[in-house]
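Enquirer: My questions are about this predicted structure, shown below with the sequence.
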Amino acid sequence: MKVSIHAFITHCLSILFLSATSFVYASNTPEGLWKAHDDKGMPTGYIRVKGVDGVYTGVIEKGLETDREDKYCHACKDERKGQKLVGMTMMKNVKANGDAYEGDEILDPFSGNTYRVKLQLKNAGNVMEVRGFIGLSLFGRTQVWQRVE
């Protein structure tokens, strides 16, 4: 079976193009593993964001190496009270809205408070501004998360 060099190169370039397109698409959504930082810039843990049919959810995947032994959400005020932080859903029902993503809830596991959430991808999708707010986005605080993968 003979394959012309032209056909071979075309095939290789097609694979390369599809791979690059897939990578760019993945980095333009909030899906992936993120190193979370609080609003003072201090790292707080790792959040895995997954999407199903355009709806994104964030789950605490792991804490930091410096975390204390007590890794439960004692401050939570809902069904998550007393549950382990790792594996806990902390962001729910996030959907694309223009060039941003907005959702019903993000949990601050340190205070137990929940807020509406707005995500804005920056730096070719490697940085995500995560804004928790009550009512209007004007009344809230922003954290900057770094994409890990």
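Expert: In hand now; what should we look at? Bear in mind that the values here come from a model prediction, so they are computed numbers and not experimental data.

Enquirer: So for residue 18, what's the pLDDT?
Expert: Per-residue confidence (pLDDT) for residue 18: 38.

Enquirer: So which residue is smack in the middle of the protein?
Expert: residue 49 (4.1 Å; CA atoms, centre = their mean).

Enquirer: Check which helix or strand that one maps to.
Expert: Residue 49 belongs to strand 43-52 when assigned by DSSP states H and E.

Enquirer: So which residues make contact with that strand?
Expert: Contact with strand 43-52 is made by 29-38, 56-64, 67, 85, 90-91, 94, 110, 145, 148, as judged by CB atoms under 8 Å, 6 or more residues apart in numbering. Every residue, glycine included, has its C-beta placed from N, CA and C.

Enquirer: out of these, which are inside strands?
Expert: With strands taken from DSSP state E, the overlap with the contacts of strand 43-52 comprises 32-37, 56-62, 90-91, 94, 145.

Enquirer: Filter the residues you listed down to the buried ones and hand me the ChimeraX line.
Expert: Applying 16 or more other CB atoms under 10 Å to the ones in strands among the contacts of strand 43-52, the buried members can be selected in ChimeraX as follows:
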select :32,34,36,37,56,57,58,60,61,90,91,94,145
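
Enquirer: quick one, helices of this structure?
Expert: Counting by DSSP state H, one finds helices in the chain at the ranges 5-27.
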